[in-house]
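Participant: got a predicted structure plus its sequence, pasted below:
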Amino acid sequence: MSSSTCFPRFPKVRLALGAGCLAFAGCAVGPDYHRPEVAAPAAFRELAAPAAAAPLIASAWWTLFGDEQLTRLSQQVLAANLDIKAAMARVDMARAAARGAQGSYFPSLSLDPSVRRARTPAANASGGNTSTNYLLPLDLSYEVDIWGRLRRQTEYYQNLERASATDLAVVRQTVLADLAQGYFTLQLLGREKDILTRTVALYRQQLELTQGKARVGLAPQTDVLQSQTQIDQAETQLIELERSRAKQEHAIALLVGSAPSEFSLDGAAPAAIRVPEIPVGLPASLLSRRPDVAEAELKLIAANAQVGGATASFYPTLSLTGAAGFENLNVNQLTNWESRIWSIAPGLTLPIFEGGKLTAALAQAKANYEQQVATYRSAVIGAYRDVEDELSDLRLLARESEALNQTLNSAKETVRLTQLQYQQGLASSLNLITANQTLLNTELSLATAENNRLVATVLLIKAVGGGWSPGSVPAGAK
């Protein structure tokens, strides 16, 4: 409703009100958002000469490992994972809340029909009278958002909506990383099983050789018992591997949204999985690539808007209420033009005494803002640490794998020579058992190191925001 309708006989008041409304149309009290300063290192310590800008990692980053089964499982996770579905539902909830906040900009209309039957006392001058009054009004209420309370409220819910959408990306990224780590662990267990199975077969050959030597008196019975003990220990390890594999398979079943009884993976020995090289870039790029950092900032912007809303509560509230409709004592004539009624009433509410509630609400909003500032800074510093951790892991694990490969070659040659010496009576069974145990441990250590490289690569992809495409700059960011 324009000011001329409200104040038709007072042009000066009308002009003053109109100018005031224009002046306050873009006003929203409270602090504007500014991104907190967080010192960023010039470069990551583990990178000698990082590129000025690294390309974004593809959303389907799991294809970098060249494993078809991992790709198939990742697609199942995206389609059926229950944590992702729950996060999607949270996005829908936040989106609905944001739409509800936007509805505050519009007038509220309600139809409130009523029927009232009443009797006046007989002692009245007109005598007793019984009547029925029919009322069909359309009520209107509207708050003029002079101080930006409604705008701050909308800003709050819109940023929470965007934060929930970013949280969906965090959940998606986390679940897929968990899947890849679990899958590589399952592959490691398969490699360990293959190593132990081959080792048990070798131990049985050695047992037969030792038993043959014992029969002709060339080896004591203790050598036979030691060889049998070695087989028993290896078979016990195989049983433990089966237990671990079953639990890991059940964990993957949960990730893909299946019951463990309905899910299984091929238990064959896996083929070698390549370790892709992941571009990292400069530390400052993490601020726009990590969904958890973006989520922390969006919650910070929402908290800032909450401070503005609490500040606006100290200012007057201008509201307009009105009604229009029909009223008549005869229901048949209720909608006649002569039965029309209307009313309009502007109102101004100024808080004078609230018992400290407004001050407490503002203090709470400011404390929440400071909490979100600390959370945001922690997310940024944590992102830097995550990248440094995985870069360090990858560098050291590569060196470890290289050293273990050399050790493995030496261990294989040691077993070959010790076996020849044992057959010729130049080495004891203890020497042969020790050599075989060293070879077994080295093979298992190498398999673990190579698996750790794959896991570290997955965590590095997650640390640099792999699989997430940053959107526009968060609303309100400067």
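Facilitator: Structure received. Numbers count the residues shown, from 1 in each chain.

Participant: how much space separates the residue minimising distance to the centre of the chain from residue 182?
Facilitator: Compute the mean C-alpha point of the chain, and by C-alpha atoms, centre = their mean the closest residue is residue 170, 2.8 Å away. Distance, residue 170 to residue 182, by C-beta to C-beta, to the nearest Å: 18 Å. From N, CA and C alone the C-beta is placed, and that goes for glycine too.

Participant: kindly report the same for residue 438.
Facilitator: Residue 438 sits 30 Å away from residue 182 when distances are taken as C-beta to C-beta.

Participant: cool, and residue 242?
Facilitator: If you go by C-beta to C-beta, the gap between residue 242 and residue 182 works out to 17 Å.

Participant: between those two, who's got more neighbours?
Facilitator: residue 182 (18 against 13; other C-beta atoms under 10 Å).

Participant: list the contacts of the more buried one.
Facilitator: By C-beta atoms under 8 Å, 6 or more residues apart in numbering, residue 182 lies in contact with 248, 251, 252, 255.

Participant: for it, give me phi and psi.
Facilitator: phi -60, psi -40 (degrees, to the nearest 10).

Participant: and the strands in this protein?
Facilitator: With DSSP state E as the criterion, the chain has strands at 108-111, 114-120, 129-144, 317-328, 340-349.

Participant: number of nearby residues for residue 387?
Facilitator: 26.

Participant: same check, this time on residue 402
Facilitator: Neighbours of residue 402 under the rule other C-beta under 10 Å: 11.

Participant: contacting residues around the closest residue to residue 166 other than its chain neighbours?
Facilitator: In space, and not counting its chain neighbours, residue 166 is closest to residue 295: 4.1 Å by C-beta to C-beta, 6 or more residues apart in numbering. Counting by C-beta under 8 Å, 6+ apart, residue 295 makes contact with 163, 166, 167, 170, 379.

Participant: tell me how far the second one lies from residue 197.
Facilitator: So that's residue 166. 46 Å.

Participant: which of those two has more neighbours?
Facilitator: Legend: neighbour count by other C-beta under 10 Å for residue 166 and residue 197, higher for residue 166 (25 against 15).

Participant: contacting residues for the more buried one?
Facilitator: Contacts of residue 166 (C-beta under 8 Å, 6+ apart): 291, 292, 294, 295, 298.

Participant: where do the helices of this structure begin and end?
Facilitator: Under the criterion DSSP state H, the chain contains helices at 3-6, 11-24, 68-80, 82-102, 149-215, 221-255, 286-289, 291-312, 357-423, 429-463.

Participant: can you put the ones you listed in TSV and add distance to residue 344 and mean pLDDT?
Facilitator: TSV is the format used below for the helices of the chain (distance: least, C-beta to C-beta, whole Å; pLDDT from 0 to 100):
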stretch	distance to residue 344	mean pLDDT
helix 3-6	8	36
helix 11-24	15	41
helix 68-80	55	93
helix 82-102	25	92
helix 149-215	21	90
helix 221-255	60	91
helix 286-289	51	79
helix 291-312	25	94
helix 357-423	29	93
helix 429-463	59	89
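
Participant: of those helices, which stretch is the most buried?
Facilitator: helix 291-312 (a mean of 24; mean count of other C-beta atoms under 10 Å).

Participant: C-alpha coordinates for it, PDB please?
Facilitator: Output of helix 291-312 as PDB, limited to C-alpha atoms (Å, rounded to 0.1, in the frame of the first residue of the first chain):
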ATOM      1  CA  PRO A 291      34.000 -28.500   0.700                       C
ATOM      2  CA  ASP A 292      34.500 -28.700   4.400                       C
ATOM      3  CA  VAL A 293      36.200 -25.300   4.400                       C
ATOM      4  CA  ALA A 294      33.400 -23.900   2.300                       C
ATOM      5  CA  GLU A 295      30.800 -25.400   4.600                       C
ATOM      6  CA  ALA A 296      32.500 -23.800   7.700                       C
ATOM      7  CA  GLU A 297      32.500 -20.400   5.900                       C
ATOM      8  CA  LEU A 298      28.800 -20.600   5.000                       C
ATOM      9  CA  LYS A 299      27.900 -21.400   8.600                       C
ATOM     10  CA  LEU A 300      30.100 -18.400   9.600                       C
ATOM     11  CA  ILE A 301      28.100 -16.200   7.200                       C
ATOM     12  CA  ALA A 302      24.900 -17.500   8.600                       C
ATOM     13  CA  ALA A 303      26.100 -16.800  12.100                       C
ATOM     14  CA  ASN A 304      27.000 -13.200  11.000                       C
ATOM     15  CA  ALA A 305      23.400 -12.800   9.700                       C
ATOM     16  CA  GLN A 306      22.100 -14.000  13.000                       C
ATOM     17  CA  VAL A 307      23.900 -11.200  14.800                       C
ATOM     18  CA  GLY A 308      22.200  -8.800  12.400                       C
ATOM     19  CA  GLY A 309      18.800 -10.200  13.100                       C
ATOM     20  CA  ALA A 310      19.400 -10.000  16.900                       C
ATOM     21  CA  THR A 311      20.500  -6.400  16.500                       C
ATOM     22  CA  ALA A 312      17.300  -5.600  14.500                       C
END
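
Participant: just to revisit the earlier point, possible to save the contacts of residue 182 as JSON lines with distance to residue 315?
Facilitator: Below are the contacts of residue 182 laid out as JSON lines (distance: C-beta to C-beta, whole Å):
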{"residue": "248", "distance to residue 315": "60"}
{"residue": "251", "distance to residue 315": "55"}
{"residue": "252", "distance to residue 315": "56"}
{"residue": "255", "distance to residue 315": "51"}
